[in-house]
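Visitor: I need the structure of the sequence given here:
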Amino acid sequence: MERLKKRPDFLKAAKGIRRVTTGVTIELCPSPGGSAGVRVGFTASRKIGNAVARNRARRRLKAAAQALLPLYGLPGNDYVLVARRETLTRPFDGLLCDIKSALEAAHARLSRSQSGDIS
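Guide: Predicted coordinates:
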């Protein structure tokens, strides 16, 4: 997995497909230039808490993404995992379920939008 680190990549993902669950928000968009791999970025705003809490939330998201995106991520897409306040307190198994369900919903929406049936 390649990491997203540039602000324009995060802004492009924010304009794409968004799915919100209890523990995480996932933003998805096609990679520019049709890169063959999965690219992923992580973010946690000040709403999460102080720097220690934000870093902990990002570490939890990174561990979950490392476990799930190789299995469920679609090549040629960028994913941004946005921490929510519940990211810190949610059991890790629950966080994994949240990410998996958000990925499935985002992929379904992506396939609908690519087939022309946008609703």
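
Visitor: I would like the residues contacting stretch 90-106, please.
Guide: Contacts with stretch 90-106, where a contact means CB atoms under 8 Å, 6 or more residues apart in numbering, come from 17-26, 28, 60, 63-65, 67-68, 72-73, 79, 81, 87. From N, CA and C alone the C-beta is placed, and that goes for glycine too.

Visitor: now, those that are in helices?
Guide: 60, 63-65, 67-68, 72 (DSSP state H).

Visitor: just the buried residues from the residues you listed, in PyMOL please.
Guide: Filtering those down to the buried ones (16 or more other CB atoms under 10 Å) takes a single PyMOL command:
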select buried, resi 60+64+65+68
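
Visitor: I'd like the ones in helices among the contacts of stretch 90-106 as TSV, with distance to Phe92 and pLDDT appended.
Guide: Formatted as TSV, these follow (distance: CB to CB, whole Å; pLDDT from 0 to 100):
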residue	distance to Phe92	pLDDT
Arg60	7	96
Ala63	8	96
Ala64	7	95
Ala65	12	95
Ala67	9	95
Leu68	12	94
Tyr72	16	91
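
Visitor: tell me the two of the ones in helices among the contacts of stretch 90-106 that are most distant?
Guide: Arg60 and Tyr72 (17.5 Å; CB to CB).

Visitor: what pLDDT does the most centrally placed residue in the chain get?
Guide: Closest residue to the average C-alpha location of the chain: Leu81 at 3.0 Å, with CA atoms, centre = their mean. Here, the pLDDT recorded for Leu81 equals 96.

Visitor: any idea how far Cys97 is from the nearest residue to it once chain neighbours are set aside?
Guide: Take Leu81 and drop its neighbours on the chain: the residue closest to it by CB to CB, 6 or more residues apart in numbering is Leu61, 4.6 Å away. Distance, Leu61 to Cys97, using CB to CB, to the nearest Å: 14 Å.

Visitor: look at these two and report which has more neighbours.
Guide: Leu61 (25 against 17; other CB atoms under 10 Å).

Visitor: distance of the residue lying closest to Thr87 once chain neighbours are set aside relative to Ser113?
Guide: Spatially, and ignoring its direct neighbours in sequence, Thr87 is nearest to Ala57 (4.5 Å; CB to CB, 6+ apart). Ala57 is 29 Å from Ser113, where distance means CB to CB.
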